[in-house]
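Undergrad: Provided below are the primary sequence and the corresponding predicted coordinates.
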2 protein chains.
Amino acid sequence: MTKDGGKKDNQGQDKKAQQYGVTPQSVDFNDWYNEVVKKADLADNSPVAGAMVVRPYGSALWENIQRWLDDRFKASGHESLIFPTLIPMNFIMKEADHVEGFAPELFTVNKIGTEELAEPYVMRPTSETIIGHMWSGWLNSYRDLPFLHYQWGSVFRAELRTKAFLRTSEFFWHEGHTAHADEAEARAEVRQQLDLYHEFCRDVLALPVVRGEKTASERFAGAVATYSIEGMMRDGKALQSGTSHYLGQNFSRAFDVKYQTREQKEEFAHTTSWAISSRIIGAIIMTHGDDSGLMMPPRIAPIQVVVIPVGRKDNFDQMVQEGEKLAAELRAQGLRVKVDGRDGVTNGFKYNDWELKGVPVRIELGPRDLESGVLVVKNRHSEDKETLPRAEAVSGMSARLDTIHDFLMKRATDFLLANTAEVDSYDAFQREIEAGHWVRAYHCGEPACEKSIKEDTKATARNVPFDDAEFFAERGEGQCVKCGQPSAYGKRVLFGRQY
Amino acid sequence: MTKDGGKKDNQGQDKKAQQYGVTPQSVDFNDWYNEVVKKADLADNSPVAGAMVVRPYGSALWENIQRWLDDRFKASGHESLIFPTLIPMNFIMKEADHVEGFAPELFTVNKIGTEELAEPYVMRPTSETIIGHMWSGWLNSYRDLPFLHYQWGSVFRAELRTKAFLRTSEFFWHEGHTAHADEAEARAEVRQQLDLYHEFCRDVLALPVVRGEKTASERFAGAVATYSIEGMMRDGKALQSGTSHYLGQNFSRAFDVKYQTREQKEEFAHTTSWAISSRIIGAIIMTHGDDSGLMMPPRIAPIQVVVIPVGRKDNFDQMVQEGEKLAAELRAQGLRVKVDGRDGVTNGFKYNDWELKGVPVRIELGPRDLESGVLVVKNRHSEDKETLPRAEAVSGMSARLDTIHDFLMKRATDFLLANTAEVDSYDAFQREIEAGHWVRAYHCGEPACEKSIKEDTKATARNVPFDDAEFFAERGEGQCVKCGQPSAYGKRVLFGRQY
């Protein structure tokens, strides 16, 4: 996806994207992805290097994601704020690891109106620094803590090779930032938010993910510890789908975020940050999609049921009306329903279009069905059409969506497990990675050794699964798969190539 | 509000803001505003020149505003999208009036990572240009129209003198952008959205506003016609609270937004744009607030009812529990309720705090009230406390909030009418403006004449009220109040000083 979607004269050249259907995943997974994103109206290229335009269907999906998470943040006592998009350049410089991590990716603003700025601003790559600065002014006593803050917004990090939702120079997220009086409370927050992300993936997006801690070399720039959830895409690559960081007192020292304790002593706060970004849409696409296009997890789908009125010229309008009646019944159950009343396109075109957009359930409604009191129902993931009594189809729709959710979750889980290998030799490690699998292996914990694995195989340590992770939690000891030294972490590390 | 709120060592100097209460409006309206914004936790200064930090109470208010409007946009068929924050500099140059209007206010990005950009970007001051560019790629046939698009986000316009919510270099808004096959449909959209803003102000924010068309010199840069809603603040100044623009084919010509008509001809689309920004929060503050602080319109208030448990040391916890029970009953009616269970601050402090924050209704709950089955209820705008049977107070709460809404609307309407003068001489014009009033006067319609009025009086033409405006709609003819030429517009123009 490199051409600017706003240029009319470019469209004619984009032959592949104009064909009916999309490139099969097995032929070219990358082409499949880009075509699905574009043809399903999720996003388009923009004239700004590395930035996408999110189109209505993608925006509706993102809004559903935001609303679910936002409700949960608020329910657990978190408060939203809005911090500036710009950050003084010198703020970024204050935390040593932070500047090293972000300097190469920064967008610099050095002119306002006609005035050249002596002190330039950067467009935020993340907001720990400016939030730390503000907290410093707001925090006085232990009574003020904890701060449980978050904001929704855009962040900016230069990307050389862009790919919609996965690597864009502007992306969308919430960033949670909290400050606590002590380490234990801060660490509990870090874990709570990661677990919330896990719950969201499992129960709403039907994404199986592995919770664990990042190794030192994969930590967030400035963090004491970084935790992640990792999902497996249909091409076997990992996608880090959410992160939660314990920042210790690194940022509070850099920004003077201190408070008076109950015992009247000065102490620096312990801070955290956590985020899920618009990358999660990439995870949805690449975990559930197939050669017909998207497959939207039903609980987040912008459209859960599409009704296709099937009529001839003389009764089409009537069928559309009947479709709207049916939709109203379904909406009364709280479902998101669309009636495709487009005239002038074939039923086959409509079927393909909504399959491409991944709507979980399609209902066909024709005059004879109406007469017989039945509906023709088809799940997106199945080839079968079912003819059901209308009342049964309507009353059973929520349960059907739950069943689809469970199906997607199980299929993705089976795939993840089937494509993860436990290895004890570097030969096997390389072979499995080359085959597009994840690998579980013992590792010595040395960053240099991890780096050499990456150079050999392009695989990185995804995380060290928690003891209570749903997958790969078993404890054990062994020899480093690469260098033969005794293993660290007390268990196998999860390796894979990544997005 | 000029000091950076993140600097601890500055706070001690901010004597006025640390005093109990706020400066009375009559003493210094500007100080009153800044202190209310800060002490009510709506917003704080940031270390970024001209940018504010919106704190949780302000953010909750903005979220309520967003949700109401967003639901209505969607209900009328509008779709949200997300366009990039950056715009290629040369896009801004393509529409002549547009570049002239915005060039002095632009934030320029000329470096990404270590790379100096040959073609700089600007941070969007508004998005007509990049949206026009994208539409050009998406639009082919009349069947594709209308495009009914909007996005929520930040925009950036340099401000010399900043003031939270009213003039900030980064502010928050939605921007609606629509494209239509013909002028009539585009103009109907422009009016529909302005009327929606009017409805929102009247029925949700309790803000009386005057709908009308802007004179040529007050038009949006690049528009054929600009319409506005204008509200009157407690100091008599006008605040433009929302705008809707008919852009004709100006932007579609500049960005090649054309389509094939039913008759197979090429035609440029007619486009519109419309917006309400975070300035509306300034209007809420300055229309309803008094010397005790904010007065939140009940239908948008983040907290509609605050419950203050009033107890002694030995029964305070029990009273807090009883307060939560009461809150649960009120929440079951869909109300937004807060229980102030803070220990260690006096009841008087709490009363003042929630008055400052403008919560519409306060309920005091003490042990004797509990025993007698009564509640002590106080409306924010009144001095009177009422002792009511508990069941009556609870069941009547929604109606009470409606009554408060009506009270605020009537008070603001009376104020607006009482402070608007109809004048036919320039002496009277100047006198009334100097007294802080709005003026209704005939005007010749010449921009140069309007400009000289502005130079004399700092007053500008706010708008020419619609024939069906709720105020000042009467048609008539006369002589220009300034130059004596025959009047334009067929009615009196509304003049005033403005925010």
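TA: Received, thanks. All of these numbers come straight from a predicted model, not from anything done at the bench. Numbers count the residues shown, from 1 in each chain, chains lettered A, B, ... in the order given.
Undergrad: quick one: the residue of the stretch 151-300 of chain A found nearest chain B from A:Asp4, how far?
TA: When scored by Cβ to the nearest Cβ, the stretch 151-300 of chain A has A:Ala158 as its residue closest to chain B, at 4.7 Å. Using the backbone N, CA and C atoms, a C-beta is placed for each residue, glycine as well. Plainly put, A:Ala158 is 18 Å away from A:Asp4 if you go by Cβ to Cβ, to the nearest Å.
Undergrad: between those two, which is the more surrounded one?
TA: A:Ala158 (19 against 16; other Cβ atoms under 10 Å in any protein chain shown).
Undergrad: show me the contacts for that one.
TA: Counting by Cβ atoms under 8 Å, 6 or more residues apart in numbering or on different chains, A:Ala158 makes contact with A:Gly50, A:Pro104, A:Glu105, A:Leu106, A:Phe107, A:Ser169, B:Ile112, B:Gly113.
Undergrad: same check on A:His149?
TA: When contacts are taken as Cβ under 8 Å, 6+ apart, A:His149 is in contact with A:His78, A:Glu79, A:Ser80, A:Leu81, A:Ile131, A:Gly176, A:His177, A:Thr178, B:Pro56.
Undergrad: what is the burial count for the first one?
TA: Think A:His78. 21.
Undergrad: make sure A:Arg143 is indeed in a helix.
TA: Yes - under DSSP: H, G, I helix; E, B strand; the rest coil, A:Arg143 sits within a helix.
Undergrad: okay, now it: neighbour count?
TA: Around A:Arg143 there are 12 residues (other Cβ under 10 Å).
Undergrad: please read off the pLDDT at it from the model.
TA: We have a pLDDT of 93 for A:Arg143.
Undergrad: how far away is it from A:Ala181?
TA: 10 Å.
Undergrad: also A:Cys201?
TA: Relative to A:Ala181, and taking Cβ to Cβ, A:Cys201 is found at 31 Å.
Undergrad: which residue of chain A sits farthest from its center?
TA: Going by Cα atoms, centre = their mean, the residue of chain A most distant from its centre is A:Asp314, 46.0 Å out.
Undergrad: that residue is in what secondary structure piece?
TA: Taking DSSP states H and E as the definition, A:Asp314 sits outside all helices and strands.
Undergrad: kindly state the pLDDT recorded for it?
TA: 90.
Undergrad: could you do A:Lys3 as well?
TA: If you check A:Lys3, the pLDDT there is 68.
Undergrad: report whether the helix or strand hosting A:Arg72 contacts chain B.
TA: According to DSSP H and E, A:Arg72 maps onto helix A:56-75. Yes - for helix A:56-75, a contact with chain B is found by Cβ under 8 Å from any Cβ of the partner chain, at A:Pro56, A:Gly58, A:Ser59, A:Ala60, A:Trp62, A:Glu63.
Undergrad: looking only at neighbour counts, state which of A:Cys201 and A:Ala181 leads.
TA: Set side by side, A:Cys201 and A:Ala181 show more neighbours around A:Cys201, with 26 against 19, by other Cβ under 10 Å.
Undergrad: give me phi/psi at that one?
TA: Backbone geometry at A:Cys201, expressed as degrees, to the nearest 10, gives phi -60, psi -50.
Undergrad: ok, the residue lying closest to it once chain neighbours are set aside to A:Phe200 distance?
TA: Leaving out its chain neighbours, the residue that sits closest to A:Cys201 by Cβ to Cβ, 6 or more residues apart in numbering or on different chains is A:Leu207, at 4.0 Å. Distance of A:Leu207 to A:Phe200, given as Cβ to Cβ: 9 Å.
Undergrad: so between these two, which is more surrounded?
TA: A:Leu207 (26 against 23).
Undergrad: quick one: distance of the lengthiest helix in chain A to the chain centre.
TA: Across chain A, the longest stretch assigned as helix under DSSP state H is helix A:397-418. With Cα atoms, centre = their mean, to the nearest Å as the basis, helix A:397-418 stands 18 Å off its chain's centre.
Undergrad: and it, what does it pack onto?
TA: Under the contact criterion of 3 or more Cβ pairs under 8 Å, 6 or more residues apart in numbering or on different chains; DSSP states H and E, helix A:397-418 touches strand A:225-232, helix A:279-288, strand A:361-365, strand A:374-379.
Undergrad: what element comes up after the shortest one heading to the C-terminus?
TA: For strand A:361-365, the succeeding helix or strand toward the C-terminus, using DSSP H and E, is helix A:367-372.
Undergrad: now that next one: buried residues?
TA: By neighbour count on 16 or more other Cβ atoms under 10 Å in any protein chain shown, the buried set for helix A:367-372 is A:Pro367, A:Asp369, A:Leu370.
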